[in-house]
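Novice: I need the structure of the sequence given here:
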Amino acid sequence: MATTSIFIFQALVSLSLCQNPFSITTYSNGTYSLYVNGKEWLKSAPTFFRDSGKLFTAEDGSLKLFYTVHEVGVDKLGNFTTSDYLYWAGKKEMFVSIRQYDHDPNLVVFIQNYTDGASGAKADSFDKIISGFPGFQVQDGPVNRGYLSFGGYMLGDTHKSIGKWGDQTKDIRDGLTGGPLVIFDEEGNTLIISPLSEFMVASNWQDREVGGNIYWGLMGGIDEVPYHYTYMTIVCYAKGINKAFEKWGTALRKLYGSKENSLAQDLTLHRAGYWTDNGAYYYYKTEPQKNYEQTMLDLLNKTVFTFNYFQFDSWWYYKGLAGGVKLWEPRTDVFPHGLGYIYNKTSSLLALHNRYWSADTQYAKQNGGAYNFIVEDTGALPVDQIFWNDLLNKTLTWGLVMYEQDWLNVQFDKIKALKTNLTLGEMWLTQMNEAAKTNDVFIQYCMANPRHALQSLTLSQVTQARVSDDYSPGGEQWRIGVSSMFAYALGLAPSKDTFWTTDVQPGNRYKKSEPYTELNALVATLSTGPYGPSDMAGHIDYRLINRTSIYFGQLMHPSKPATAMDIQIIKHAFESLKMEIWSTYSMNMFKNTSLNWGTILAVETSGNVTLKYKDMDFLTPGVSYLVYDYKDVSSFREFKTSDNLVLPNNCTKSEFCLFHFVPKLEYGNNEIYMLGDVSKWIPASSTRIRSIVYQEADLLINLWGGANEEITIHYVFNGKLKSSTCPIKTTGWNCISMLTGKCVY
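Specialist: Now for the predicted structure:
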């Protein structure tokens, strides 16, 4: 039994600097409150733990507070001040703590520690939790607040909810499919609350029967907890919803490591590919009288554009009971000569789909295989590292560069052990990641619950995740601005899925057309995720694809994914207005300073929406800008700090609004605005604009492209619109002088 010789009781402890907009106040009786700008936003709900088949709660006194202590310490996030509470749950000690950090008082961490462990702790539902700390009352307050709650699959996009926060808020997404909770006011002051550790077993739960209190703890199926098991929850404050996500994500990545190097190395994030998943023309469909092998080879022969890889979906391997994977090998009727034949014949790299394992999988020892599996009535789960190593090692001769793990939510749901074991979920995903790392393969998560996404913070090879439901021609799955905030914060490239570049695809299995080809292509570009058209052979619009890429398939992305602007989420929560207003930027260096070229996309605006300069948090502070409509480069005008951008009511899916913001380049007495390659969706992408070279006698734009490609760069020189065209040398490089407009070889 843990004991301590320090007993410090205090009536009240404030863990913040008085001038900081965010603060937390703790009390010696175990309660606490969160304040923003001096107003109480969240008041604590009673702490509870389950043990020995009983519920122990501070509300009725069965969870007894033994002592309170105020201390200091240090962890990976920095130096902190802490309020600690030791409770008795029957004969077991339960320790909780609240930390706030000296270097950043806008971060608070809540800690649960099972000092004596727990036994007989499970709840009566997997979606409930066995411990509740922190917990907050969901109630009206002195400030109008809204909320965003992630839930479901596709990183919590499918069942996310946005609305007003208060007594009547009953639809916070929780349980096994719940995710981060975001609370904000009309000025953009924002709190994000989420697990900080033990992601695969952590859950949130709203007690709708008792005042709607919301709690964080361990999922309800856990029955045994070892001594000193620790779980942490983080609360992060920032002014601005996007800023809060960035700050929250920075703290998480600092704790677990960044994926920046992995994202840079993942070919499928930087080169265009051809996809065959749900929504694609060749999804469970081949050319008449041909198998997939013949169809894919014909497609290559008919395609002018260089696709750098092909994604093969679930149609290529063997399935067993309940549609699970029986054998992850190419079917002989699909690829008679195997996947290695395709690779050797075409040199095309592959992204390969996989789903959940069937109960009759041939890999399991229970079915005569060589590997240890947990096998249940409706599914199976591998538990050997060697299984994953062997599975991905054989793909070296197939040209695999990306492994797509789909149906993550179904795999989690099918295996009861994943919902009752503290370590199995983490082990499952870690083994997959280690095998991918050994075999130099990157991973896409698809149909991931928020817990899978959070766990990816610890997994170097998980570089991307689907943030929308499956593509359907004419559908709405392009709406990824909100879920992209979540993905980007975790260091993941969000994927919108495949799309068609041509509206009519004769003989398609969906009996549909695609009226919004340009919007889908644009969103795929803005996402920074995979760019994968899926048209019928002979029906690919290369003009549209070329708006995103250099001719050999290199993508011209922005520097970060486009995400929903704060105004979109605030208007949804407080005015029930549903619009898509996103922003992103492309970053380039000028005179040792990072400058952002901004982009705003607006679709289905309601009324004339006015964006103020302060809404443009993607612009480089202190720098002058001009703005222009992508349809008319001559529409440029100066955009000052006092100016507004009015989004018209006619921003539609077929006629969306797209604006570009361009920073001023100071050169002597000249004012130069480098617009870039305006033939592309992202004119100033660093893929094209490799550097801006400031010289004593000139200002040069260093360009990158395909050999012999001609590139036209537009710019505004002392108020006049100009353009210069340069052929790219065989080395892929060339420069344009902004002073003379000439090529500099």
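Novice: make it CA atoms for all contacts and neighbour counts henceforth
Specialist: Will do.
Novice: run a quick neighbour tally on residue 538.
Specialist: For residue 538, the count of nearby residues is 11 (other Cα atoms under 10 Å).
Novice: residue contacts, it?
Specialist: 302-303 (Cα atoms under 8 Å, 6 or more residues apart in numbering).
Novice: how much space separates it from residue 512?
Specialist: Counting by Cα to Cα, to the nearest Å, the gap between residue 538 and residue 512 amounts to 18 Å.
Novice: residue 83 too?
Specialist: Relative to residue 512, residue 83 is positioned 60 Å away (Cα to Cα).
Novice: shouldn't residue 723 be within a helix?
Specialist: No - assessed by DSSP: H, G, I helix; E, B strand; the rest coil, residue 723 does not belong to a helix; its assignment is strand.
Novice: skipping adjacent residues, who's closest to it in space?
Specialist: residue 714 (4.2 Å; Cα to Cα, 6 or more residues apart in numbering).
Novice: same deal with residue 336?
Specialist: Spatially, and ignoring its direct neighbours in sequence, residue 336 is nearest to residue 293 (7.4 Å; Cα to Cα, 6+ apart).
Novice: more neighbours: which of residue 83 and residue 512?
Specialist: residue 83 (23 against 15).
Novice: the more buried one: what's it in contact with?
Specialist: Contacts of residue 83 (Cα under 8 Å, 6+ apart): 13, 26, 68-71, 97-99.
Novice: quick one: least confident of those?
Specialist: Of all the contacts of residue 83, residue 13 has the smallest pLDDT value, namely 44.
Novice: now do the contacts for residue 393.
Specialist: Contacts of residue 393 (Cα under 8 Å, 6+ apart): 435, 439.
Novice: just the pLDDT for residue 240.
Specialist: For residue 240, the predicted pLDDT is 97.
Novice: hang on, it packs against residue 188?
Specialist: Yes - using Cα atoms under 8 Å, residue 240 is in contact with residue 188, at 4.5 Å.
Novice: report the set of residues contacting both of these two.
Specialist: residue 566.
Novice: circling back to that earlier point, just confirm the residue nearest to residue 723 is within a strand.
Specialist: Yes - read with three-state DSSP, residue 714 is one of the residues of a strand.
Novice: begin at 503 from now on, thanks
Specialist: In the new count, where the first residue is 503, that last one comes out as residue 1216.
Novice: can you tell me the element residue 643 falls in?
Specialist: Of the helices and strands defined by DSSP states H and E, none includes residue 643.
Novice: rewinding a little: and the residue nearest to residue 1225, how far is that from residue 595?
Specialist: 69 Å.
Novice: cool, residue 712 as well?
Specialist: Taken as Cα to Cα, the span from residue 712 to residue 595 is 26 Å.
Novice: between these two, point out the one with more neighbours.
Specialist: Neighbours were counted for residue 712 and for residue 595 using other Cα under 10 Å; residue 595 has more, 23 against 9.
Novice: surely the more buried one meets residue 587?
Specialist: No - with contacts counted by Cα under 8 Å, residue 595 stays clear of residue 587, the gap being 10.3 Å.
Novice: the stretch 853-1002 of the chain: helices as residue ranges?
Specialist: 887-895, 910-916, 926-940, 952-957, 983-991 (DSSP state H, counting those that start in this stretch).
Novice: let me have the ones you listed in TSV, extended by distance to residue 615 and mean pLDDT.
Specialist: What follows is those, written out as TSV (distance: least, Cα to Cα, whole Å; pLDDT from 0 to 100):
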stretch	distance to residue 615	mean pLDDT
helix 887-895	30	98
helix 910-916	26	97
helix 926-940	19	98
helix 952-957	20	98
helix 983-991	27	98
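Novice: and residue 663, which of the ones you listed is closest to it?
Specialist: Residue 663 lies closest to helix 983-991 among those, at 10.7 Å (Cα to Cα).
Novice: can you tell me what sits against the closest one?
Specialist: Here helix 983-991 makes contact (Cα under 8 Å, 6+ apart) with 657-659, 744, 747-748, 750-752, 955, 967, 969-970, 995-996, 1029, 1062-1066, 1082-1084.
Novice: pipe the helices of the stretch 853-1002 of the chain into a markdown table and attach distance to residue 1196 per row.
Specialist: Shown next, in a markdown table, are those (distance: least, Cα to Cα, whole Å):
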| stretch | distance to residue 1196 |
| --- | --- |
| helix 887-895 | 48 |
| helix 910-916 | 50 |
| helix 926-940 | 41 |
| helix 952-957 | 42 |
| helix 983-991 | 32 |
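Novice: just the contacts of helix 983-991: which are in strands?
Specialist: Judged by DSSP state E, those include 967, 995-996, 1065-1066, 1082-1084 as members of strands.
Novice: ok, those vs residue 672, which is closest?
Specialist: residue 1066 (24.3 Å).
Novice: okay, now the closest one: neighbour count?
Specialist: 26.
Novice: low-confidence regions, the stretch 703-852 of the chain specifically.
Specialist: Along the stretch 703-852 of the chain, the parts satisfying pLDDT under 70 run over 806.
Novice: okay, helices next: where are they in it?
Specialist: 743-758, 762-767, 794-804, 841-848.
Novice: just send those helices back as JSON lines, with distance to residue 894 and mean neighbour count too.
Specialist: Below are the helices of the stretch 703-852 of the chain laid out as JSON lines (distance: least, Cα to Cα, whole Å; neighbours: other Cα atoms under 10 Å):
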{"stretch": "helix 743-758", "distance to residue 894": "25", "mean neighbour count": "20"}
{"stretch": "helix 762-767", "distance to residue 894": "18", "mean neighbour count": "15"}
{"stretch": "helix 794-804", "distance to residue 894": "21", "mean neighbour count": "16"}
{"stretch": "helix 841-848", "distance to residue 894": "13", "mean neighbour count": "16"}
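Novice: with that, I have no additional questions.
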